[in-house]
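**Q** Below is the structure, and that's it, no one-letter string:
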């Protein structure tokens, strides 16, 4: 199988999405990817804390993962996704988000994961 995924390490992924400015890396807010034929989006929400959801531990959810149902090149609508979950930090997301029984950190590094877009 040909490798579709561009990431070579979890650290590379963390540096792009943890919201910290790096001199050598661009910091992104969201990523869209496909895994086993399903289209997903992970987003670090750029909202003020008062607009973010409160997690069961009382902290704010800064990252979310969704299954999206819009087709490529069509406009996103709030009604076209299924929320998988909200997460406080990038490490919380990597360790505690599960898709089909696999941790997000495994999926984002899987050879068959195809990175579709970044913003």
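**A** Looks like it came in fine. Note that the structure is a prediction, hence the values are computed from the model and not measured. Numbers count the residues shown, from 1 in each chain.

**Q** is it true that residue 42 lies in a helix?
**A** No. According to DSSP: H, G, I helix; E, B strand; the rest coil, residue 42 belongs to no helix; its state is strand.

**Q** Neighbours of it, how many?
**A** 24 (other Cβ atoms under 10 Å). The C-beta positions use only the backbone N, C-alpha and C, and glycine is treated the same way.

**Q** from now on call the first residue 485
**A** In the new numbering, first residue 485, that becomes residue 526.

**Q** Surely it and residue 501 touch.
**A** Yes. Using Cβ atoms under 8 Å, residue 526 is in contact with residue 501, at 7.3 Å.

**Q** Could you tell me which residues touch both of those two?
**A** Counting by Cβ atoms under 8 Å, 6 or more residues apart in numbering, the contacts common to residue 526 and residue 501 are 515, 547.

**Q** Need the per-residue pLDDT for residue 507.
**A** As predicted, residue 507 sits at a pLDDT of 48.

**Q** Correction: the previous question concerned residue 520.
**A** 92.
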